[in-house]
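Undergrad: Here's my sequence, what's the structure:
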Amino acid sequence: MQKIYVLALVCFFSLGAKAQYGSISGTVVDFKSKEALIGANVVIQGTSVGSATDLEGGYTISNLKPGTYVLVISSVTYKTQTVADVTVESGKKTTVDVTLVEDVAELAEVVVTATREVNNDVSLMMGIKESKLVVSGISAEQIVKMPDKDAAQVMQRVSGVTITDNRFVVVRGMPERYNQVLINGAVGPSTEVDKRSFSFDLIPAGALDQLLIYKSATPELPGDAAGGIIQMVTKNPTDEKFISFGVNVGLRQGTSFENYSQSRGSSTDKFGFDDGFRSLPSTLPSTQVLQNPNVNGSLLESSGKSLTNNFDYTTRTASPDWGSNLTISEGFNIGSVRARNITALSYSNSYQSFVAQFLRYNQIKETNSPKRFEYFDNFFSNNVKVSAMHNWSFALNPKHKIEFKNLFVQIGQNETTLRIGNDFAQKISEDLRNYAYHYLSRSIYSGQLQGFHEFGSSGKSKINWVIGTSFIDRNEPDFRRFRTQRLKTAAETDPFEIILPSAGSLTETGRFWSTLKDKGFSHGVNFDQSLTSSKEKRKAQLKAGYYLDYKERSFMARTINYIAPDPSAVTQIVIQPLSTVLSPQNISRIGGLAIRDNTQPRDSYSGTGLVGAGYLSGNLPVGKFDFATGLRLEYFRQTLKGFEGSDASKPVNVDNSILSTLPSLNTAFNVSDRELIRFAYSRTVNRPEFREIAPFLFYAFEYEAAIIGNPNLKIANIDNFDLRYEMYPNPGETFSVGAFYKYIANPIEIFLQRTAENPQLTYNNAKQAINWGFELEFKKSLAGLGVNRLFRNTTFNLNASWIKSEVQIPNDPQFANLDQKRPLQGQSPYIINTGLYYFDEEKGYGVNIGYNVFGPRIFAVGDDLFPSWWEMPRHSLDLQLSKTFWKKFDVKFNAQNLLNARYWLMQDNNRDQSIDLKEDLIQSYRIGSQYTLSASWKFALK
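TA: Sure thing, here's the model as predicted:
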C-alpha cells in the first residue's frame, strides 16, 4: 500500500515537468460581476488542444512548443472571444486572463431552456468538492467507457468498494447490510429474501446519470448506515431531443455454443416471469387439510397426482447472449411550462455455465482434513432482464421545477444444477447424482415525485420535497430438488435410483414455493435558508426537514415432499427415468409413492417498519474553515409476526421501537482554491431487516446448509470518524488521501451454527468491533506528458483502500465456541481499482482498461466445529474498444473478466484468521471470460 501511495504521488506531481515546453494559464471571469466562469473552453485556434476552466475559473494549457498562438475562449450564454499573439517561451508560463461578455440574445434563450448536466466528470468533481461530506462517485461519462452492464459492475470502479455475489456492494470492507440505498433521494427497498441488501445488478448501467457514495453522515441523510449511503441518480431529461437504439451480442467462455441441461419452462420465461406453469394447482388443498392425521387417503392421492410432472430435463446448445435498448428524449412547452421527458427500454437474455467443486469435512485438521463429501456442481442459468425507465421534468419557471421518475425492472432466472459426487459419511458405497431446478422472478418498481423551489429575488430560500413509492414482487415457484444413487460396483448402463425416505425432510426429494411482497412509501421535505449574500461562494446556511419511510412485507412458503411409505413396494418405481419416476401414475395409496406437506408455521411471516425522522443543521464559513453540523432524530418501530418452528402454539411477535439521537460534524479547511482538508464525525445505526429476525428456515442447496433468522437481534450503533485531504488540479481531476475509524457496538454478522451434521447459517450480534483504514483516490489526465494525441486524450484513475478490523465476542457461554478474535465478517483488508481511459473525440477512437482486486474476507463466522469460511482474493481485468462514426453511430467491443480468476471459499482450519493454500477448500469455480460486440445509433429529433 505504501509503495502504491508513493508511486501515485510521484506520478501526480511530476506530470508535465518537461522544460523544453512552455504553457499558457490564467483565469476566465464574467465582465460585470468579475465572478469566475466554470467550464469555459479555452483552446488553441485550429487545434483540439485546450482546457476547461476549473471551479475557480482557472485554466492551464501545458506542453506547448515555443511560438505564437491564438486563443479562442467560449462559454454558454457568453460571446466567444479571441486573443491573438500569445507568445510561449521554453520553460516559461504565459499568463492570459480573460473576461467574457454576456450574449444577451443567447442568455434570454438559455434562461428558458438550459438544464444543468450532472452526468459528466466535471460536474461530478464540482459536486464532490462543494459537498460538506466525504464523498466518492462515478458519472455517466465514465460509466460508458467501461463494459459494465449494471450498477453492481459500475460500483466496483468506486473508491473503497467491492462486490460480493456479483450484485451486493461492500463499502470500506463493511458488509452490504451496513449500507443504505437511495434512488433519486428516496430510500430503496431490500431486494433479498435472506438478508438485508440491495441487488445492484437489477439496475441497468445505462439508466444512471451518477452514482454517489456518502462515506460520512449528515443530518439531511438517513441515519441507518455505517459503510456508506449509496445514491443512485437515474437519467434526467435534458433539452436534447433524440432517439437512440442499440443492440449487442456476446460470447461467454465455457458457455456459448456448449451443451446444457434445463427443465421445461413456461411460455413467458423469455419476458422474465412465469405464466403460472410452475404454480401450485388451484385445486390443491390447504396445508391444514393435508397435514390432518385423518385426511382422506384418496384426497391425498389426488393431490399428489395434481402436481405437474416436471422433473426431467432436456439437453440444448447455449445461444450467444444478446440484448437491445431504446432511448427517446423529447420535450415540449405547455404555455410557459417547459416539459422534458426521457424514456429508456432495455432487454437482455444471457446464459451462464460452469462447474463448481464443493467439499465438506468430518474432522478438522490443520491440513488435509478427511472429506465428508465432495461434489462437482454442473451449473447452468438463463437470465432475462427487462427494464423500463420513464422520467419527466417540468420547469414551471427558472425557480420552480417538478420531476417525476419511474424505474421498473423484471428479472427471471432459470437455474439447473446437476451435482455429481460422493458422500463419504452416509453413502460410502454409492455414487450420487443430485438435482436442483430453480426458477426465480423479481418485479421491482421505484418511483419518485420531486419538487425544487426557490423563493426571493436571489433564491436564498429553498424548499425541496419528495414522495416515493416502491414495491418488490418476488416469486419462487416450484423449486425442485432430489437425490439419486447407484452402487459404485454397478455397470455404467445400470440406472440411478431416486432416494425417497419414508418421511420427508428439508433436504430430501421435494418441491418448494414461496412469494415475497414488499411495499414502501416515503415522504420528505427539506428547507434551506441562506444567511449570506447569493454572490458569496461559501454560504452560511440553516437547514431543517423531516422524512417518513414506511415498509410492509408479507412472505409465504410451502414445502411438499415425496415419500415412499413402503420402500419395499417401490423398488421398480425408483429406478424409472426422471421423466416418469414422479409422474401421476406412480402416486398411489397401494404400492406407490405419496406426498407429504411439510410446510411449517414458521414458513410464513409478515412485518412492518416505520422510520420517522427530523433534523436541524447549519453550514458556517469561518475564515478558511467551513463547519457543517447538526442533529438528526430518528424514531424506528419494527413489527414482525411469525411462529417458532413447527409449533403453531408458539407465536413469534416482535415489536421493537427506539428513538435514536444522531449528531454529526463535518469540517473543511480550505488550504487553497484547489485544496482542502476534511474532518468528519457522526453517529449512525444499523437495524435488523425483516428476514434477519424472522424464524423462517430455508434450505440453501448451493451450500448444503439451512438459513434461519434470529428474533433477538439488537440494533448496532456506530461512531464514525473521517480525515481526508483533497486536491482538484483541473476539471475532472482529483487527488485525495484519507483515513477513517469506526467503532461498532453490537455488529450484526452471519454465523455458522452447529447442528447434527451440516452447518446452519444464522444472524447474531457480536459485542463490538472496530474498523479503520486508509484510502487513496487519484484521477489525472496525461495531457501534461506531451502535446501528442495519445497523452492528450488519456486519463488514468486509481483508488485503493487498506482496512483493518477486529471483532470482540460477548462474554457469554453461548458464544464460547466461536472464534474470539477475528476481522469483521465480510471485511477485506485491501481493495484496489484502477483504469486507463483513452478517447480521441476528433477521430472517435476509444480504448479503456479496468482492473479490480479485493483481499480475503470472512464469508461466514465459524465455531469450534465448523471453522470460518473465507472468500479468497479475485483479480478482474476488463477491456473496451470503441469507435464513433459520423458522431451518431457507436461500435464497442467489450471483454470482461479476461483473467478468468476463480471464485473460491476456504475454511480456516487452524483458526489463525489467515488462509494459506494448505487449508481446506470449500468451493471453487470459474465463470469464464465474456466478449460482447455492441452497436448503437443516435438521431436528433426536430
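Undergrad: ranges for the strands of the stretch 351-500 of the chain?
TA: Along the stretch 351-500 of the chain, counting by DSSP state E, counting those that start in this stretch, strands occupy 371-397, 400-423, 427-455, 461-487, 497-498.
Undergrad: Tell me the bridge partners for residue 596.
TA: Beta bridges link residue 596 to residue 561, judged by DSSP bridges.
Undergrad: Then residue 213?
TA: Where residue 213 sits in a bridge, its partners, by DSSP bridges, are residue 136, residue 230.
Undergrad: quick one: it and residue 138 touch, right?
TA: No. Using C-beta atoms under 8 Å, residue 213 is not in contact with residue 138, being 9.1 Å away. The way it works is simple: take the backbone N, C-alpha and C, and place the C-beta from them, glycine included.
Undergrad: Identify the contacts common to those two.
TA: Residues touching both residue 213 and residue 138 (C-beta atoms under 8 Å, 6 or more residues apart in numbering): residue 158.
Undergrad: tell me the contacts of the spatially most central residue of the chain?
TA: Centroid-nearest residue in the chain: residue 200, 3.1 Å away (criterion: C-alpha atoms, centre = their mean). Applying C-beta under 8 Å, 6+ apart, we find residue 200 in contact with 150-152, 155, 163, 167-169.
Undergrad: Of the strands of the stretch 351-500 of the chain, which stretch is the most buried?
TA: Ranked by mean neighbour count, the strands of the stretch 351-500 of the chain are led by strand 497-498 with a mean of 22 (mean count of other C-beta atoms under 10 Å).
Undergrad: So which other helices or strands are in contact with that one?
TA: If contacts are counted by 3 or more C-beta pairs under 8 Å, 6 or more residues apart in numbering; DSSP states H and E, strand 497-498 sits against strand 461-487.
Undergrad: Relative to residue 864, how far out is the closest residue to residue 367 other than its chain neighbours?
TA: Leaving aside its sequence neighbours, residue 367 sits nearest to residue 918 (C-beta to C-beta, 6 or more residues apart in numbering; 4.6 Å). The gap separating residue 918 from residue 864 is 20 Å, by C-beta to C-beta, to the nearest Å.
Undergrad: Can you give me the end-to-end span of stretch 718-738?
TA: End-to-end distance for stretch 718-738: 19 Å, by C-alpha to C-alpha, to the nearest Å.
Undergrad: Centre of the chain to it, how far?
TA: 23 Å (C-alpha atoms, centre = their mean, to the nearest Å).
Undergrad: List the buried residues of that stretch.
TA: Residues 718, 720, 722-724, 726-738 are the ones in stretch 718-738 that count as buried (16 or more other C-beta atoms under 10 Å).
Undergrad: now that stretch: mean pLDDT?
TA: In this model, stretch 718-738 carries a mean pLDDT of 89.
Undergrad: Ok, stretch 626-635 next?
TA: Mean predicted confidence for stretch 626-635 is 96.
Undergrad: circling back to that earlier point, tell me how far the residue nearest to the centre of the chain lies from residue 886.
TA: As judged by C-beta to C-beta, residue 200 and residue 886 stand 34 Å apart.
Undergrad: same thing with residue 273?
TA: For residue 273 relative to residue 886 (C-beta to C-beta), the value is 39 Å.
Undergrad: More neighbours: the two, which one.
TA: Set residue 273 next to residue 886 and count neighbours by other C-beta atoms under 10 Å: residue 273 wins out with 21 against 7.
Undergrad: and residue 937, how many residues sit next to it?
TA: 14.
Undergrad: Write down the beta-bridge partners of it, one by one.
TA: residue 245, residue 889.
Undergrad: and it, what does it touch?
TA: 244-246, 888-889.
Undergrad: Buried ones from these, can you make that a ChimeraX selection?
TA: Buried members of the contacts of residue 937, defined by 16+ other C-beta under 10 Å, are picked up in ChimeraX with:
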select :244,246
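Undergrad: and of the contacts of residue 937, the nearest to residue 513?
TA: Checking the contacts of residue 937 against residue 513 with C-beta to C-beta, the nearest one is residue 246 at 37.3 Å.
Undergrad: you'd agree that closest one is up against residue 324?
TA: Yes. Here residue 246 reaches residue 324: they are 6.5 Å apart, a contact under C-beta under 8 Å.
Undergrad: wait, which of the contacts of residue 200 is closest to residue 53?
TA: Nearest member of the contacts of residue 200 to residue 53, counting by C-beta to C-beta, is residue 155, at 30.7 Å.
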